[in-house]
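Chemist: Just the structure for this:
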Amino acid sequence: MTIGNNFIKDLPQLQQHKQSLEDPQGFWMRHALDLVDWAKKPTTVVNNPSKDQLHKAQWFPDGKLNVCYNAVDRHVLNGYGDQVAIIYDSPVTDTLRRFTYSELLREVKAFASVLKRHGVQRSDTVLLYMAMVPQTLIAMLACARLGAIHSIVFGGFAPAELAKRIQDCKPKVVLSNTCGLESKTKVIAYKPLLDEALSLTEHKPQSIIVLQREQLRVPLDENKGEYYWDTEIAKAACESDEIECEIVDSGHPLYLLYTSGTTGMPKGVVRPSGPHVVALLYAQRYMFGLQPGETMFTFSDFGWQLGHSYAAYGPLLNGSKTVLFEGKPVGTPDAGQLYRVFSQHKVCVFLCAPTIVVILRRADPEGLFRIKYDLTHMRGLFLAGERCTPEIHRWWIATITGRNPPANEPTISCGSDICNAVSDNWWQTESGSPMTGICIGYGSNGADVAPIKYGSAGLMMPGCDLHVIRTKDNVNEDDYIEEHPEFAEHKEVGNIVAKLPLPPGFITTLWKQEEQFYNAYFKRYPGFYDTGDTGMVDNDGYVHILSRTDDVIKVAAHRLSTSSIEEAIFKHPEVAECCVAARPCAIKGSVPMVFAALQFNPPRVPTDQIKAEITQLVRAHVGPIASLYPENVVFVDRLPKTRSGKILRKMIRTMVNTASAASSDGTLLTVENCPISTPATIEDFSVKMDIWQTILNTVSTK
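Modeler: Predicted coordinates for the structure are as follows:
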């Protein structure tokens, strides 16, 4: 079923997208001058690199600015100093604190003075190994004020992973706090992890500044370059008013954020200052529809891209309020915390990963906590980070709005007023802001908003010229270069690429890895950015992201996305969460293996019946070619996840491959000695071992 191309073409979002591709110079210059306070206004929108250097395109190359000024100072100077900027809500410490823009400016100047006293200057790197506390955001802004480059490492990262990042970016100063809190009783000591990491590195920072938290206080040794956060602020207090903003070029790195690498070495994504500010503000106003003074709540740690873009910089650049939430969606103390935050702080826009919704559904399937709160002030709830299956999407809409979307309707409209619009969007660490989504900010009339289509990540955002390339079998994908790519038809699944040059705010290089930058993203498809995701574009222009390219199962020469199989499995009422991985098969190459966590313990029907029903659902919705067999459906109590809620699919996939290979060649593997390395981001190590035991029990008996 299509919506109607004439209707789609008339939507403001599609009109804006068309303008951005037909006249990128005029489109982006207009928004750059309208949204940003430049110290020197750009006269050039984008440089004109040669055809083979399009991946190096620089936006607003002659412009100069300071990001901290745009995020804090200008709001105070414009008379909004008394407006709230930060709401720190921590149910794990029973703390609620608000910072106005004037108070935030004072705090940022004070910490910028601390960094300056420790020798931090323009282009120096500062590494933050911190929790979701206001001081983290204050330190980020202080770095930006000085023109220094901050790099945040998710608090609690394993020492070996932290050491890699310290060695790579060579920070002059490391900032940390003594601990992070998973709950009121679960304390993660950061300082010992940092000490171990530093023992593994050749590079030693000049200073280590540590914020003491009441839940864990540790002694510091100034002879080792360790300093108390509060003491350093007291020393620098008299100098803080003199810390003015360092003006930097538009392309100057604002921050360095590491993402996983294919060889074990993390990739340092470099974010350019000016283009990032333009991209964030455009998305704030037009995609999220957030106005100055309104409240945004992004359920993400600062250690991830979502936290950088929309818990930190985006709302503040926009003159809005940002909620910093230290807690879990459930268990701190219950599954009503997010709804309580929505209501108490009058949140207008909310962002989270679909996994958070899955967790809420499992803990509170009837939405009983939701009905306690008035959420009529909310305008948009956006999902990003992983694909949201239609079943989960419908549940979230029903829970938030109280309306049950018809199961047989593929779309839902916003209605006349934009209220509680729930939509998916797609972006990556490399992009820094959404590449696709549903824009609700072009007006207050819901008729101007594209219908939300279940299973899709929305329409292309301005500047993003996305294409789907047909995949070819029997090629070495590590070395293969496609000089003349074959573009897929509508609704045909393939590899998603973006035509160069990339929009403002995208990655401009990898930290000290220029060759790797080209090879990782641009070598395979010359003239295009390889997103590493598979998907398709339907007849109405909606983009459907199905999986990472390495999450495709090749069954008897047919390529199947794991997400399409998971989508079918989620239709079973007993399934709370699931993950599909490829299991090697001597006859068909690979077949799906399902790991499912059930809604009820014990389940309401026999597990053998559930396995058979899951198999039938996949057969009906994906097709017999999927070759899912009941013996390859296994039930687990929990799936291994990162602390931000993402399922560790790659780890599960590697475990299945390793166990299958060992079973074939007679190698003895034991539960105690798992050869698969533990991801640094894993939330609970015991879940990994439970999954490993399940895989060994399943694979070794077949």
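
Chemist: What residues does Ala283 make contact with?
Modeler: 314, 433-434, 461 (C-beta atoms under 8 Å, 6 or more residues apart in numbering). (Glycine included, C-beta is placed from N, CA and C.)

Chemist: Now render those residues as JSON lines, adding secondary structure and neighbour count.
Modeler: Formatted as JSON lines, the entries for the contacts of Ala283 read as follows, by DSSP: H, G, I helix; E, B strand; the rest coil; neighbours: other C-beta atoms under 10 Å:
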{"residue": "Gly314", "secondary structure": "helix", "neighbour count": "28"}
{"residue": "Ser433", "secondary structure": "coil", "neighbour count": "28"}
{"residue": "Pro434", "secondary structure": "coil", "neighbour count": "27"}
{"residue": "Met461", "secondary structure": "coil", "neighbour count": "28"}
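
Chemist: for Thr411, which residues make a bridge with it?
Modeler: Beta-bridge partners recorded for Thr411 (DSSP bridges): Lys453.

Chemist: Pull the number of nearby residues for it.
Modeler: One way to gauge burial is a neighbour count; for Thr411, by other C-beta atoms under 10 Å, it gives 16.

Chemist: Next one, pLDDT for it please.
Modeler: Predicted confidence (pLDDT) for Thr411: 81.

Chemist: Help me confirm that it comes into contact with Lys453.
Modeler: Yes. Taking contacts as C-beta atoms under 8 Å, Thr411 lies within contact range of Lys453: 4.8 Å.

Chemist: which residue packs closest to Glu196, ignoring adjacent ones?
Modeler: The shortest distance from Glu196 to any non-neighbouring residue, by C-beta to C-beta, 6 or more residues apart in numbering, is to Pro159 (3.9 Å).

Chemist: Ser663 versus Ala586, what's the distance?
Modeler: As judged by C-beta to C-beta, to the nearest Å, Ala586 and Ser663 stand 11 Å apart.

Chemist: Gly441 too?
Modeler: As defined by C-beta to C-beta, Gly441 lies at a distance of 54 Å from Ser663.

Chemist: and what of Ala488?
Modeler: 37 Å.

Chemist: Ala311 now?
Modeler: Spatial separation of Ala311 from Ser663 under the definition C-beta to C-beta is 45 Å.

Chemist: does the closest residue to Gly463 other than its chain neighbours count as helix, strand or coil?
Modeler: Nearest residue to Gly463 in three dimensions, chain neighbours excluded: Pro503, at 2.9 Å (C-beta to C-beta, 6+ apart). Following DSSP: H, G, I helix; E, B strand; the rest coil, we place Pro503 in the coil state.

Chemist: shouldn't Pro503 be in contact with Tyr282?
Modeler: No. Counting by C-beta under 8 Å, no contact exists between Pro503 and Tyr282, whose distance comes to 9.3 Å.

Chemist: Overlap of the contact sets of the two?
Modeler: Pro462.

Chemist: quick one: which of the two has more around it?
Modeler: In terms of neighbours (other C-beta under 10 Å), Tyr282 is the more surrounded of Pro503 and Tyr282; the figures are 28 against 25.

Chemist: so who does Ala398 touch?
Modeler: Shown in contact with Ala398 (C-beta under 8 Å, 6+ apart): 367, 404-405.

Chemist: Tell me where the model's unsure across the stretch 301-450 of the chain.
Modeler: Filtered on pLDDT under 70, the stretch 301-450 of the chain yields the residue ranges 415-417.

Chemist: hey, where'd the helices end up in it?
Modeler: With DSSP state H, counting those that start in this stretch applied, the stretch 301-450 of the chain shows helices at 305-307, 314-317, 337-344, 354-363, 390-401, listed in chain order.

Chemist: Just name the most buried of the ones you listed.
Modeler: Among the helices of the stretch 301-450 of the chain, ranked by average contacts under mean count of other C-beta atoms under 10 Å, first place goes to helix 314-317 (a mean of 26).

Chemist: sorry, back to before: save the contacts of Ala398 as JSON lines, and put in distance to Arg604 and neighbour count too.
Modeler: Formatted as JSON lines, the entries for the contacts of Ala398 read as follows, by distance: C-beta to C-beta, whole Å; neighbours: other C-beta atoms under 10 Å:
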{"residue": "Gly367", "distance to Arg604": "19", "neighbour count": "17"}
{"residue": "Asn404", "distance to Arg604": "22", "neighbour count": "11"}
{"residue": "Pro405", "distance to Arg604": "25", "neighbour count": "18"}
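
Chemist: From those residues, pick the one nearest Ala110.
Modeler: Gly367 (43.9 Å; C-beta to C-beta).

Chemist: do you know which of the helices of the stretch 301-450 of the chain lies nearest Asp374?
Modeler: Nearest to Asp374 among those is helix 337-344; the distance by C-beta to C-beta comes to 6.0 Å.

Chemist: returning to what we had before: ok, Ala586 and Ser663, which is more surrounded?
Modeler: Each of Ala586 and Ser663 has its neighbours counted (other C-beta under 10 Å); Ser663 has more, 18 against 6.

Chemist: Would you map out the domains in this protein?
Modeler: In the domain annotation for the chain, the residue ranges read 106-256, 550-699 (automatic domain parsing).

Chemist: Cys143 should be in a helix, yeah?
Modeler: Yes. Membership of Cys143 in a helix is supported by three-state DSSP.

Chemist: got a list of what it touches?
Modeler: Each residue near Cys143 by C-beta under 8 Å, 6+ apart is listed here: 112, 115, 120, 126, 149-150, 255.

Chemist: what does Gly336 give?
Modeler: Residues counted as contacts of Gly336 (C-beta under 8 Å, 6+ apart) are 364, 369-370, 372-373.

Chemist: Which members of these are classed as buried?
Modeler: Among those, those buried by neighbour count (16 or more other C-beta atoms under 10 Å) are 364, 369-370.

Chemist: what's the neighbour count on Glu486?
Modeler: For Glu486, the neighbour count with other C-beta under 10 Å is 11.

Chemist: any weak-confidence spans in this protein?
Modeler: Along the chain, the parts satisfying pLDDT under 70 run over 1-9, 260-264, 415-417, 472-479, 549-550, 556-559, 644, 701-702.

Chemist: now do 50
Modeler: In the predicted model, the chain carries pLDDT under 50 at residues 1-4, 261-263, 702.

Chemist: Could you say which of the domains of the chain is packed most deeply?
Modeler: Mean neighbour counts were taken over the domains of the chain using mean count of other C-beta under 10 Å, and the top value, a mean of 20, falls to domain 106-256.

Chemist: Which residue ranges of the stretch 151-300 of the chain form strands?
Modeler: Listed in chain order, the strands found in the stretch 151-300 of the chain under DSSP state E, counting those that start in this stretch are 173-177, 179-181, 187-189, 207-211, 226-228, 248-249, 253-259, 267-272, 295-298.

Chemist: likewise the stretch 351-500 of the chain?
Modeler: Taking DSSP E, counting those that start in this stretch as the criterion, the stretch 351-500 of the chain carries its strands at 380-383, 411-412, 421-424, 436-437, 452-453, 459-460, 466-469, 494-499.

Chemist: Let me have those in CSV, adding distance to Ser90 as columns.
Modeler: Shown next, in CSV, are the strands of the stretch 351-500 of the chain (distance: least, C-beta to C-beta, whole Å):
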stretch, distance to Ser90
strand 380-383, 22
strand 411-412, 35
strand 421-424, 26
strand 436-437, 30
strand 452-453, 33
strand 459-460, 37
strand 466-469, 39
strand 494-499, 38
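
Chemist: Quick one: closest of those strands to Glu202.
Modeler: Taking C-beta to C-beta, strand 494-499 is the member of these nearest to Glu202, at 37.6 Å.

Chemist: Of all the residues in that closest one, which ones are buried?
Modeler: 494-498.

Chemist: Kindly report the same for stretch 534-549.
Modeler: By neighbour count on 16+ other C-beta under 10 Å, the buried set for stretch 534-549 is 534-538, 540-549.

Chemist: Also stretch 267-285?
Modeler: Buried positions in stretch 267-285, judged by neighbour count with 16+ other C-beta under 10 Å: 267-285.
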